[in-house]
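> Output the structure for:
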Amino acid sequence: NTVLTVVLQLSVARLAQGLAKALRMLRTACLFLVLACAFFALADGRGRWLALAAAVVAVVLLTVGENLHAISRWEISYELSPPAGRSRYLSLFSTGMSAQLIVGPFLATGVLLPAGAGGWVLLAALFAGATAVTVLAARTPAQPADTPAEALTG
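Prediction:
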């Protein structure tokens, strides 16, 4: 996990420069996270070796997905914050991540794990939904086309 994280952080961060690339990376991260959930669900209630193999694959997918997500979310938050208020926006963004670190473990151990495979399916759906909402919210509004003078008078 640690080695994979270091390799990803050093080699992949440059691929998320700019909003469009960061949103593409976010969608890729979602794919890895959803696949990790599927492999965790597959490990639930299986034989020892199948469960172990599925869990190892799930951890690798989860690590890649989390790293891609971390890289893309920082780039997206930076790109969407207005330059004059960037420090305030990024501070609030960091507060949200801190709340996730506080609430996440409780939800994972109190809700997700006791639910078994169904919990993993729910988490995969949440990942997909949150990614879709983020991508839609981050789209910049289309610029109005220049209207020729003839169209205004005629």
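> which residues sit in contact with the most centrally placed residue in the chain?
By CA atoms, centre = their mean, the chain has its centre lying nearest to residue 69, at 4.0 Å. Applying CB atoms under 8 Å, 6 or more residues apart in numbering to residue 69 gives the contacts 26, 29-30, 33. Where C-beta positions appear, they are placed from N, C-alpha and C, glycine not excepted.
> would you list those residues in a markdown table and tack on distance to residue 59 and pLDDT?
Shown next, in a markdown table, are those (distance: CB to CB, whole Å; pLDDT from 0 to 100):
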| residue | distance to residue 59 | pLDDT |
| --- | --- | --- |
| 26 | 21 | 94 |
| 29 | 15 | 95 |
| 30 | 17 | 96 |
| 33 | 12 | 97 |
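> List the buried residues of the longest helix along the chain.
For the chain, the helix that runs over the most residues, judged by DSSP state H, is helix 48-80. Using 16 or more other CB atoms under 10 Å as the test for burial, helix 48-80 gives 54-55, 57-58, 60-77, 79.
> ok, the residue nearest to residue 80 when sequence neighbours are not counted - how many residues close by?
If the residues on either side of it in the chain are set aside, residue 80 comes closest to residue 138, at 6.2 Å by CB to CB, 6 or more residues apart in numbering. A count of neighbours around residue 138, defined by other CB atoms under 10 Å, yields 16.
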